[in-house]
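Peer 1: for reference, the sequence and a predicted model appear below.
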Amino acid sequence: HMLADDYEGKVFVVNNQRISVTQRRSALDAKELAEAGFHGEQIFEILERVKMESSIYITVDTLKFLKKGTPAAAALGTLLRIKPVLQIQGEKLDSFSKVRTMKQALAAMLSAAEKDLRERFADPEAENTWLFVAHTQNDEMAAEFAKEIGEHYPKAGTVYGEPLSLSIACHIGPGAMAVTCMKKVR
């Protein structure tokens, strides 16, 4: 913000609560808005206005990388083969559900995304929502999951699959999967 002030209203800092694939999409939205003739302040206002219109559901393959905060819970979860499904909406990272298999975790994430599309975004067919699958070192499963989501939401267009950013991957380890819904900027 301090550096932006030096550019006399030509640079704007957006804090739209996005990370990883949603942050990338926001940067692309800003670029597309600029190419369409919007100026910096308008782009800032648009990106700030839609900041809560995204959801990320993520599951990890192992609790090993999450255990630094609560090692006993992580050890017990690993022993019981629990796969947590976490939810990120805005600034909050919350536990969403706990399941026993990756297949159940993917189903839980797809169900949660379906509910968000219907209730939060009023877009049950995902015509106006970006859908992403993100992962850490799990290309094959991510491609299969993206294909499944694309078949479930044919009006969504391409369901993009991308690696999670390293800033997230180092905390959750390899094998993680995520699904993201993000309202398209109009």
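Peer 2: Ah, there it is. Residues are numbered from 1 along each chain as shown.
Peer 1: now name the helix or strand holding the residue lying closest to Thr158 once chain neighbours are set aside.
Peer 2: Leaving aside its chain neighbours, Thr158 sits nearest to Gly150 (7.3 Å; criterion: CB to CB, 6 or more residues apart in numbering). (Each C-beta comes from the backbone N, C-alpha and C, glycine too.) According to DSSP states H and E, Gly150 maps onto helix 139-152.
Peer 1: what sits up against that helix?
Peer 2: With contact meaning CB atoms under 8 Å, 6 or more residues apart in numbering, helix 139-152 is reached by 102, 106, 110, 113-114, 131, 133-135, 156, 158-161, 177, 179.
Peer 1: at which residues are the helices of the protein located?
Peer 2: For the chain, helices defined by DSSP state H occupy the ranges 2-5, 20-35, 40-49, 71-79, 102-115, 139-152, 166-172.
Peer 1: mind telling me which of those helices the model trusts least?
Peer 2: Lowest mean pLDDT within those: helix 71-79, at a mean of 47.
Peer 1: start to end distance for stretch 153-160?
Peer 2: 13 Å (CA to CA, to the nearest Å).
Peer 1: what's the average pLDDT for it?
Peer 2: Model confidence over stretch 153-160, given as mean pLDDT, is 90.
Peer 1: contacts for that stretch?
Peer 2: 21, 117, 125-127, 129-133, 146-147, 149-150.
Peer 1: please pick the buried ones from those residues.
Peer 2: If you count burial by 16 or more other CB atoms under 10 Å, the buried members of these come out as Val21, Leu117, Ala126, Thr129, Trp130, Leu131, Phe132, Val133, Ala146, Ile149, Gly150.
Peer 1: output those residues as a markdown table; include the columns distance to Asp61.
Peer 2: Below are those laid out as a markdown table (distance: CB to CB, whole Å):
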| residue | distance to Asp61 |
| --- | --- |
| Val21 | 18 |
| Leu117 | 26 |
| Ala126 | 26 |
| Thr129 | 27 |
| Trp130 | 25 |
| Leu131 | 22 |
| Phe132 | 19 |
| Val133 | 15 |
| Ala146 | 18 |
| Ile149 | 19 |
| Gly150 | 23 |
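Peer 1: and of those residues, the nearest to Ile168?
Peer 2: Closest to Ile168 out of the buried ones among the contacts of stretch 153-160 is Val21 (9.7 Å), distances taken as CB to CB.
Peer 1: my guess is the closest one meets Val179, correct?
Peer 2: No: Val21 is beyond contact range of Val179, at 10.1 Å (criterion: CB atoms under 8 Å).
Peer 1: can you pick out the most distant pair from the contacts of stretch 153-160?
Peer 2: Largest separation among the contacts of stretch 153-160 by CB to CB: Val21 and Glu125, giving 21.0 Å.
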